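J.: Coordinates for the following, if possible.
(2 chains)
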Amino acid sequence: MKKEKRFSILFFMPFMVCFILFWLIPFVYGCYMSVNKVSLTKGNVGFVGLSNYLALFNEASMYASEFIEALKNTVLFVIISVPLLVITAFILALIIDNLPDKLKGFFRTIYFMSYAVSVTAVSAIFLWLFNGNGGFINNIIAKPISWLESQPYAWIVLAIVTLWWTVGYNMILFINGLNSIDGALYEAASVDGANFLTRLRYITLPGLKNVMTYVTLMSIISSFNLYGQSSLITKGGPSQSTRSLIMVIYDTILQKNNLGVGSAMSIVMGIIVMAFALCQQYLAKEKKDLMEVNGSEKP
Amino acid sequence: MNKRRLFVLILSVVLAVPALAGCGNNKTTADENETVKTETSKTVSQAAESDKIKITFLNGFTGGDGEFMRKITDGFNASQSKYEVVESQEKDHLTQFKANGSDLVVIPGSSLYTYEEDGMVQELSSVYKEAGVAIDDFIPAAQDIVNMNDGLYAFPLDIHPLTMFYNKELVPEAPKTFEDLVDINTKLQAENTDIYVMAIPGSGLVEYYYMGLAAQNGIDIVNDGYCNFATDEFADTLMKWHDMIFVDKLSPANLGLDAEFTSFAKTADDITTQAAIALTGPWYYSAAKEIYGDNLGIASIPTIGEENATYGGSHTIAVSSQVTDEEKLAGIAAFFNYLYDPENLLNWADSGQTPVHQETLEIIKANPEKYPLPAANAEAVETAKTGPKVYNSNEQLSYISNNTFGRIVSEENLAREELMTELEKATEIARQIAQEQ
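T.: Have a look, this model is predicted:
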């Protein structure tokens, strides 16, 4: 037994080493920097307590206005993008699930391929498509639009870019979820006269609940981490209205040369994302509890 | 196949078309990165093998001009057997310098004050002496960049001012004044309402636009170590660009990043507007030449304000404050002695940059066919203003560049009071940035 335990620890060690090196140590060091005045050029100037955190919420501080604006922008992007990412991926998964077996692999590959493209290439493509002066999209619509220089079009472009680029990953998760639902349930429902929408509501959606929760959670986290698309396509514009939290953290550390405040921003951002995730988990759990109390719903 | 499956198949094919739209070959970027890494590794490993005193040289010349700087450093290495300059061309070279250091580093002139205040670079009067180079060997604008706190903190390399490219088919002669711009625009618009004399961008090079006009109006925004934008004169400068769009109609409104060049590069049609001139950076020269060939004109920017002036960025070469070894400093002096021999520095002019070494500049002016872009900019650099000498000047200017100027080009009814509120906010941010010193 002891030998088995020692042997099993060996399998666990690679993960622990990576976890410690690439998460725990940076996290602890980040917390340390967030309570000190640190810059790349001058190093650690000294302990400042919570003043870096207070600067984020002090209206008079330049860091506060940038942080709050970026937080609003990022939360808006989360609200816009997450439903799109989840629902579109789900629809694509349903489509593929209903294709003939011979074609499933082919279309699954096509829809997933965009996920393998780098953000630089994706941004170059969409910059060309949505260029306000003679871009491809403006060539085919009736009235040209300044896609990247005005709102809400800049957000629409970022949402479309993110959707096209990342929907494949969520789609794969939904496909795996659909494959795990017992086919006999659908057969029994068909025999009872259930149509597509009824089967979707009473078999598919409940069967995909855990996957849906996971996909939504991952989409929220990745949308909070918006950086590549807004940095390369809109550069945070128009007038910083698409400037995300990560962009502000990057600028604070590398342009304003303030690692202390940048680290504090990162910690606060992590807390906010965790709060969103916990809320989502709580809402998902509450509905499950209610269902258990009330018994399974009738079709 | 039943109807449902057929429908799903057709829908899959329709959705697959946009999904495949982006697939392409981004091998080029990966290959280029690999080439730079290989070249850098090769250079480093060659240096490692030799007994020469190694001098690391970090710069950000990852574009077309990189090969010309490498020619200079390779030439220096081949010219003597005591020192080896190991050059690294990196995209984010200043972050690398802050984190890992380097003996020599190219620093933008506008950032030199910040690096000096942070103690990252050292005073170089003794190196100048040993290199046989005098500060008077450079044009006054360049002397001003490196001369601070009664010392010389870098060697000036070049100034890249806001440059005017013009399409000779639409504009036979380079406009020199604001009135010229208005006349040209009137003629162009009468023939085709999709062709404007210029395109004023909302982001990108906008710092060159508003600081250039401030220079022409003789405005100094520096006040007590930070940029004070909240003055009537500076507000007037910004409103001039606003009025050129919405009152004089010299440019379309609400243009975006790099629009000054992308509009210049286009041909007008129903949905595309074209600009006859581009006030842009000299780095677009190759692209402009490829489009227009012999129909490309190059000149200094017109005088829109009260006097002739321009604004530009600059490159300087500084020595890290960590370099204390006397032999290495002697090697660095030898490198600068080599670099500022006009025969060698003209390699930098071949890249399209305008060196600010006086003797080299005279040769460039005498040979405009060989150095078209530097020769066109030779006079402009004499009167060029560069970034304000304040702590972290790029960040102090960033609110105006990233927020305010975008409103200038897009909001026709932008009220003066609103603009002043923006300028006061920008000034407060600049003041706080200066306090981080």
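J.: how about the closest residue to chain B within chain A, phi and psi?
T.: Per CB to the nearest CB, A:G134 is where chain A lies closest to chain B, at 3.4 Å. In short, each C-beta sits where N, CA and C put it, glycine included. Summarising the backbone geometry of A:G134 under the convention degrees, to the nearest 10, its torsions are phi 80, psi 20.
J.: from what I can see it touches B:T272, true?
T.: Yes - taking CB atoms under 8 Å as the definition, A:G134 is a contact partner of B:T272 at 3.4 Å.
J.: A:W155 contacts A:I80, correct?
T.: Yes - under the criterion of CB under 8 Å, A:W155 makes contact with A:I80 at 6.1 Å.
J.: I'd like to know which residues of the stretch 301-437 of chain B are adjacent to chain A.
T.: Where proximity means CB under 8 Å from any CB of the partner chain, the interface of the stretch 301-437 of chain B facing chain A comprises B:392, B:394-395, B:398, B:402-403, B:406-407, B:410, B:428-429, B:432-433, B:436.
J.: picking up where we left off before, I'd like to know how far the residue of chain A closest to chain B sits from B:N344.
T.: When CB to CB, to the nearest Å is applied, the distance between A:G134 and B:N344 equals 43 Å.
J.: Compare those two and say which one has the larger neighbour count.
T.: With other CB atoms under 10 Å in any protein chain shown as the criterion, A:G134 and B:N344 differ in neighbour count, and A:G134 comes out ahead with 20 against 17.
J.: show me what contacts the more buried one?
T.: Contacts of A:G134 were listed using CB atoms under 8 Å, 6 or more residues apart in numbering or on different chains, and they are B:K266, B:D269, B:I271, B:T272, B:T273.
J.: which residue ends up closest to the midpoint of the chain in space?
T.: No chain was given, so I picked chain A. With distances taken as CA atoms, centre = their mean, A:S222 lies nearest the centre of chain A, 2.1 Å away.
J.: oops, I was thinking of chain B
T.: B:G313 (4.9 Å).
J.: and that one, how far is that from A:K235?
T.: The spacing between B:G313 and A:K235, counted by CB to CB, is 18 Å.
J.: try B:Y311
T.: Here the distance between B:Y311 and A:K235 works out to 21 Å (CB to CB).
J.: of those two, who's got more company?
T.: Using other CB under 10 Å as the criterion, B:Y311 and A:K235 rank with B:Y311 on top: 25 against 18.
J.: Check which helices and strands the longest strand along chain B is in contact with.
T.: Assignment by DSSP state E gives strand B:310-319 as the longest strand of chain B. Helices and strands touching strand B:310-319, by 3 or more CB pairs under 8 Å, 6 or more residues apart in numbering or on different chains; DSSP states H and E, are strand B:104-108, helix B:109-117, helix B:140-146, strand B:155-161, helix B:206-216, helix B:326-339, helix B:372-382, strand B:384-385.
J.: Whichever helix or strand comes after the last one packs against which elements?
T.: Following the chain from strand B:384-385 toward its C-terminal end, the next helix or strand by DSSP states H and E is helix B:393-399. Helix B:393-399 is packed against helix B:109-117, strand B:226-227, helix B:416-435, with contacts defined by 3+ CB pairs under 8 Å, 6+ apart.
J.: and the second one, anywhere near chain A?
T.: Just to be clear, that refers to strand B:226-227. No - applying CB under 8 Å from any CB, one finds strand B:226-227 separated from chain A by no less than 11.9 Å.
J.: The helix or strand following that strand and chain A, any residue contact?
T.: Secondary structure here is assigned by DSSP H and E; on that basis, the next helix or strand after strand B:226-227 toward the C-terminus is helix B:232-246. No - no part of helix B:232-246 sits near chain A under the criterion CB under 8 Å from any CB; the closest distance found is 12.8 Å.
J.: quick one: buried residues of helix B:232-246?
T.: Neighbour-count burial for helix B:232-246 flags B:F234, B:A235, B:D236, B:T237, B:L238, B:M239, B:K240, B:W241, B:H242, B:M244, B:I245, B:F246 (criterion: 16 or more other CB atoms under 10 Å in any protein chain shown).
J.: Stretch B:348-365 now?
T.: Using 16+ other CB under 10 Å as the test for burial, stretch B:348-365 gives B:348-349, B:351-357, B:360-361, B:363-364.
J.: For these, give me TSV that also has distance to B:A278, pLDDT and secondary structure.
T.: Shown next, in TSV, are the buried residues of stretch B:348-365 (distance: CB to CB, whole Å; pLDDT from 0 to 100; DSSP: H, G, I helix; E, B strand; the rest coil):
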residue	distance to B:A278	pLDDT	secondary structure
B:W348	23	96	helix
B:A349	22	95	helix
B:S351	20	92	coil
B:G352	15	90	coil
B:Q353	18	93	coil
B:T354	18	95	coil
B:P355	23	96	strand
B:V356	24	97	coil
B:H357	28	97	strand
B:T360	27	96	helix
B:L361	24	96	helix
B:I363	28	96	helix
B:I364	22	96	helix
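J.: Quick one: residues contacting the residue nearest to the centre of chain B.
T.: Taking CB under 8 Å, 6+ apart as the definition of contact, the neighbours of B:G313 are B:P108, B:G109, B:S110, B:I159, B:H160, B:Y208, B:T386, B:G387.
J.: quick one: B:A268 is in a strand?
T.: No - under DSSP: H, G, I helix; E, B strand; the rest coil, B:A268 sits outside any strand and is assigned coil.
J.: Pretty sure it sits against B:Y196.
T.: No - between B:A268 and B:Y196 there is no contact under CB under 8 Å: 9.0 Å.
J.: Just want to know which of those two has more residues nearby.
T.: In terms of neighbours (other CB under 10 Å), B:Y196 is the more surrounded of B:A268 and B:Y196; the figures are 25 against 19.
J.: from what I can see the more buried one touches B:D248, true?
T.: No - applying CB under 8 Å as the test, B:Y196 and B:D248 come out as separate, 10.5 Å apart.
J.: Alright, that wraps it up for me.
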